[in-house]
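Novice: Dropping the sequence and predicted coords here.
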Amino acid sequence: MPKLTKTSLQRSQSVTAKLTAEEDILLKRAAEREDLTPSAYARKVLLSSLRSTAMERLLLAKVCKLESMTQAFFRGLFVQLNQQEAFDAEAFNTALAKADSAQYRKADELLALYSSLSLEKNEQNGAENHA
């Protein structure tokens, strides 16, 4: 994605958000992964979330939660088999709480990542990149 210069696009409106130290770190890490400034990344995520419907965001969040739970389940099984450690109810509830708390963040990250794809340009809408 080409970097925009001030001469190529004038933005006159702004939005401000207060972040915790942990949220700031998450924002900076996510921006670094995409080689963007934190402001550019926040703008990308914000605009992509506005382009998706509430139902699309909800369904994607639930899929992200299921993926996280499946990974936690298999991780627990492998630990149980390889290290003879129990994947007990407490570990399961911790994994469930973690998946629940991260589902919308993960969905929004995916929406931001794939918001620039279009069906005309790519009929699978990015699916072949993860096959």
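Specialist: That came through, no problem. Numbering: from 1, shown residues only.
Novice: what about residue 21, neighbour count?
Specialist: Neighbour count of residue 21, defined by other C-beta atoms under 10 Å: 7. No exception for glycine: its C-beta is placed from N, CA and C like everyone else's.
Novice: And it, how far from residue 36?
Specialist: 20 Å (C-beta to C-beta, to the nearest Å).
Novice: Check residue 47 too.
Specialist: 13 Å.
Novice: Between these two, point out the one with more neighbours.
Specialist: More crowded of residue 47 and residue 36, by other C-beta under 10 Å: residue 36, with 17 against 12.
Novice: Regarding the more buried one, what is its secondary structure?
Specialist: Classification of residue 36 by DSSP: H, G, I helix; E, B strand; the rest coil places it in coil.
Novice: That one and residue 45 touch, don't they?
Specialist: No. Counting by C-beta atoms under 8 Å, residue 36 stays clear of residue 45, with 10.0 Å between them.
Novice: Which stretches in the chain count as helices?
Specialist: In the chain, the helices defined using DSSP state H lie at 21-33, 38-51, 54-83, 89-114.
Novice: would CSV of the ones you listed with mean pLDDT and distance to residue 13 be doable?
Specialist: Formatted as CSV, the helices of the chain follow (pLDDT from 0 to 100; distance: least, C-beta to C-beta, whole Å):
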stretch, mean pLDDT, distance to residue 13
helix 21-33, 91, 20
helix 38-51, 84, 11
helix 54-83, 86, 23
helix 89-114, 84, 19
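Novice: now these in CSV, with distance to residue 14?
Specialist: Converted to CSV, the helices of the chain look like this (distance: least, C-beta to C-beta, whole Å):
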stretch, distance to residue 14
helix 21-33, 16
helix 38-51, 10
helix 54-83, 24
helix 89-114, 19
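Novice: right, so of the ones you listed, which gets closest to residue 9?
Specialist: helix 38-51 (11.2 Å; C-beta to C-beta).
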